[in-house]
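# Predicted model follows, preceded by the sequence.
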Amino acid sequence: MATTHTAPPIATRPTTSPATTQATLRDPAYQAFFLLRTVFTVAPILFGLDKYFHVLINWDRYVAPDVVAHLPWSAHQVMYGVGAIEILAGLVVAFWPRFGGYLVAAWLGGIIINLLLIPGFYDVALRDFGLLVGALALARLATAFSSSSPRIRARG
């Protein structure tokens with residue numbers, strides 16, 4: 001009696017062939033992961049750099065006066081630290097999106113708390129809450145996809 005051997009589903013095979021890679025790139029879940037990873041890498045790095053140059057806006061006004069009152073630094077000096085952390089967070093997302101998504105979400109949580117302390121910035125806090133949810137989605141999607149190549153891990 002002959003036994004038949006069936007290959008495992010394509011999602012569990014290594015994806016080294018061009019046809020499989022193209023199928024992966026067409027996967028809506030992978031596309032979402034790729035978009036979120038790209039945006040949460042580029043945006044924090046660009047916004048972090050802008051904390052030093054103030055090309056987009058004067059970022060100093062986004063630090064709650066109550067926060068600055070409890071620190072030994074000016075709002076401008078605080079923004080230098082914020083910029084460095086944002087650049088670092090973008091790099092972490094680029095190389096370790098599973099951890100980076102949670103890092104960015106936590107950072108956005110801190111920004112939201114700061115913004116809620118400033119009257120008139122509630123709309124910005126709400127926008128940042130949407131970004132926080134996107135960062136959490138990135139972290140969750142990163143568990144399904146390899147961080148080094150467009151491969152699909154087995155999803156169950």
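That came through fine.
# is it true that residue 42 touches residue 90?
Yes: if you go by CB atoms under 8 Å, residue 42 and residue 90 touch, sitting 6.9 Å apart. Any C-beta I mention is one placed from the backbone N, CA and C, and that applies to glycine too.
# which one of those two has more residues nearby?
Using other CB atoms under 10 Å as the criterion, residue 42 and residue 90 rank with residue 90 on top: 23 against 13.
# so where does the more buried one fall, helix or strand?
Using DSSP states H and E, residue 90 sits in helix 75-95.
# and the closest residue to residue 101 other than its chain neighbours, what does it touch?
Distance criterion CB to CB, 6 or more residues apart in numbering; nearest residue to residue 101, sequence neighbours excluded, is residue 139 at 2.8 Å. By CB atoms under 8 Å, 6 or more residues apart in numbering, the contact list for residue 139 reads 97, 98, 99, 100, 101, 102, 105.
# Show the subsequent helix or strand relative to the helix holding residue 90.
Following helix 75-95 toward the C-terminus (DSSP H and E): helix 97-116.
# could you check the angle helix 75-95 makes with that following helix?
Calculated by axes from the mean of the first three to the mean of the last three CA atoms, to 10 degrees, helix 97-116 forms an angle of 160 degrees with helix 75-95.
# for helix 97-116, which positions count as buried?
Within helix 97-116, the residues that qualify as buried are 97-98, 100-105, 107-108, 111-112, 114-115, counting by 16 or more other CB atoms under 10 Å.
# Show residues contacting that helix.
Here helix 97-116 makes contact (CB under 8 Å, 6+ apart) with 33, 36-37, 40, 44, 62-64, 67, 85-86, 89, 92-94, 121-122, 124-125, 128-129, 131-132, 135-140, 142-143, 147.
# Nearest residue to the residue nearest to the spatial centre of the chain in space, please, no chain neighbours.
In the chain, the residue lying closest to the centroid (CA atoms, centre = their mean) is residue 40, at 3.5 Å. Leaving aside its sequence neighbours, residue 40 sits nearest to residue 93 (CB to CB, 6+ apart; 4.6 Å).
# gap between that neighbour and residue 111?
With distances taken as CB to CB, to the nearest Å, residue 93 is found 16 Å from residue 111.
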